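*Asks:* A structural model of the following input is requested.
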Amino acid sequence: MGGCMHTLHLEGDPNPSPRKMPKRSDTSLHISSLLALRKCSDLEKAIATTALIFRNSSDSDGKLEKATVKDLLQTQFGNFTEGQETKPKYREILSELDEHTENKLDFEDFMILLLSITVMSDLLQNIWSVKIMK
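*Replies:* Numbers count the residues shown, from 1 in each chain. Just a heads-up that it's a prediction; the model follows:
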């Protein structure tokens, strides 16, 4: 693990749990996190950015309200959800979200939701169809 992930642990806990993380209100800590992302690989940046968006949008319990999740899907994940509304699998995923026993999602459930939508998205299919010259 290079300098990227080590510098993102600003609270002192080497294995912070999203459920116990306090909301970041200190701007300098937020800026430090963003600066630490510069040292990350593209994949690390993608996951770290997702974690930061989750954290900044979550409540004091470190969870997202269903309404917040749906808003994030529209505002932060629109290229993956675009055109999916009529697909049975997409409707099934959103139905499962609506039927989720809790009214909130933790980080793990949020990531599973994002991955489920990604796998069935037109955008991913377009990415797979691009010929890569090696």
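
*Asks:* measure residue 51 to residue 79 for me?
*Replies:* Between residue 51 and residue 79 the distance, using C-beta to C-beta, to the nearest Å, works out to 20 Å. From N, CA and C alone the C-beta is placed, and that goes for glycine too.

*Asks:* out of the two, which sits in the busier spot?
*Replies:* Each of residue 51 and residue 79 had its neighbours counted (other C-beta atoms under 10 Å), and the higher figure belongs to residue 51 (18 against 11).

*Asks:* Where does the more buried one sit: helix, strand or coil?
*Replies:* Under the three-state scheme (DSSP: H, G, I helix; E, B strand; the rest coil), the conformation of residue 51 reads as helix.

*Asks:* in which helix or strand would I find residue 45?
*Replies:* Element membership for residue 45, per DSSP states H and E: helix 42-57.

*Asks:* Next secondary structure element downstream of that helix?
*Replies:* strand 64-65.

*Asks:* which helices and strands sit right next to the following helix or strand past that following strand?
*Replies:* In the C-terminal direction, the helix or strand that comes right after strand 64-65 (DSSP H and E) is helix 66-76. Contact analysis of helix 66-76 by 3 or more C-beta pairs under 8 Å, 6 or more residues apart in numbering; DSSP states H and E lists helix 42-57, helix 88-99, strand 104-105, helix 107-120 as its packing neighbours.

*Asks:* Quickly compare the ones you listed and say which is most buried.
*Replies:* Burial among the helices and strands packed on helix 66-76, expressed as mean neighbours by mean count of other C-beta atoms under 10 Å, is greatest for strand 104-105, which shows a mean of 19.
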